[in-house]
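Novice: next comes the sequence, and after it the predicted model I'd like to discuss.
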Amino acid sequence: MLKKPLLVRILLIILIFAVDLFGSIPLIYRWKENGTLIPSTQASTDISVFFLQNLILLVGPIIIFTIFLMALKKDFTSEMYLRVKGKWQWLGVFALVLCLTGILIYHLITREDRITTICLLIYYVFIIAFSEEFVCRGACTYLLKNEKTVIRFIVPNLLFALMHIFNYSGWGTMTGEYIVTFIRNDMIVLFAVGCFNQALKEKTGTIWIPVLVHAAWDFALAFK
């Protein structure tokens with residue numbers, strides 16, 4: 001894959017995002033239209049449906065994960081930065097797990113719906129943080145690993161920011177005014193967050209640091 005021309009690899013990255021995104025968007029809009037979509041902050045209303053819906057939405061990332069696993073074989077864990085080794089990596093993971101635990105305890109104390117709180121922890125760590133970090137900062141960044149830093153950071157993280165355009169609208173109608181507002185107010189921030197997480201992965205040598213940072217941030221703001 002890395003021997004293909006840069007344009008071909010960028011097109012592959014766009015295809016990866018398309019598989020991830022457009023495999024789920026029609027379903028979410030359909031569920032919302034017929035009133036069966038379970039929002040994450042209401043997970044306890046029907047836990048089984050909530051997790052079933054999100055497992056269905058993970059089909060795209062699972063396909064991407066499987067393709068890269070088969071292509072990279074024994075190099076998969078190292079190329080995807082899935083290993084945790086060394087004192088500082090383990091220390092960082094431990095500190096972030098403690099942080100997540102603290103956020104969990106805070107939500108359990110301050111929120112009456114404790115079942116939803118626990119569901120949200122699972123949701124943000126595995127369904128959101130790990131899947132997004134693996135696809136964006138793992139698979140897509142791998143295809144650009146030999147390119148200049150500016151290309152390696154801009155391409156996947158720009159697409160990462162753009163993919164949030166639907167859920168930031170509350171899965172509502174895409175209007176021209178909303179798109180302009182999203183690009184002006186939210187896309188720049190999301191792009192910066194993506195670049196920060198990628199820098200964390202490359203500096204720490206493990207994808208689990210940005211996964212846990214991503215999860216902790218989203219989980220802390222879950223009830224905002």
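Specialist: Arrived safely, thanks for sending. Note that this is a predicted model, so its numbers are computed, not measured.

Novice: secondary structure element for the residue nearest to the spatial centre of the chain?
Specialist: Nearest to the geometric centre of the chain sits E132, at 2.0 Å (CA atoms, centre = their mean). Using DSSP states H and E, the element containing E132 is helix 131-132.

Novice: max-length helix in this protein?
Specialist: Counting residues, the longest helix found in the chain (DSSP state H) is helix 87-110.

Novice: ok now it, how far from the chain's centre?
Specialist: Centre-to-centre, helix 87-110 and its host chain are 19 Å apart (CA atoms, centre = their mean, to the nearest Å).

Novice: pLDDT on the next helix or strand after the helix holding E132, on average?
Specialist: Downstream of helix 131-132, the next assigned helix or strand under DSSP H and E is helix 141-142. For helix 141-142, mean pLDDT rounds to 96.

Novice: likewise for stretch 111-129?
Specialist: Rounded mean pLDDT across stretch 111-129 is 94.

Novice: again with stretch 9-16
Specialist: Computed over stretch 9-16, the mean pLDDT rounds to 93.

Novice: got a list of contacts for it?
Specialist: M1, L2, K4, I64, V135, A139, C140, L143, L144, V155, P156, L159 (CB atoms under 8 Å, 6 or more residues apart in numbering). Bear in mind the C-beta positions are built from the backbone N, C-alpha and C, glycine included.

Novice: buried stuff in it?
Specialist: Residues of stretch 9-16 classed as buried: R9, I10, I13, I16 (neighbour count, 16 or more other CB atoms under 10 Å).

Novice: for it, the distance to its chain's centre please.
Specialist: For stretch 9-16, the distance to the chain centre is 17 Å (CA atoms, centre = their mean).

Novice: next: stretch 50-57.
Specialist: With CA atoms, centre = their mean, you get 15 Å for stretch 50-57.

Novice: list the buried residues in that stretch.
Specialist: Here stretch 50-57 shows F50, F51, Q53, N54, L57 as buried, counting by 16+ other CB under 10 Å.

Novice: sorry, back to before: show me which of the buried residues of stretch 9-16 is closest to E202.
Specialist: E202 has its nearest neighbour among these in I13, at 17.1 Å by CB to CB.

Novice: now that closest one: how far from A139?
Specialist: Noted for I13: a distance of 8 Å to A139, by CB to CB, to the nearest Å.

Novice: please apply the same query to H164.
Specialist: 18 Å.

Novice: from F51, how far out is G60?
Specialist: 17 Å.

Novice: next one: K145
Specialist: 34 Å.

Novice: got it, and K201?
Specialist: 27 Å.

Novice: ditto for R137
Specialist: Distance of R137 to F51, given as CB to CB: 25 Å.
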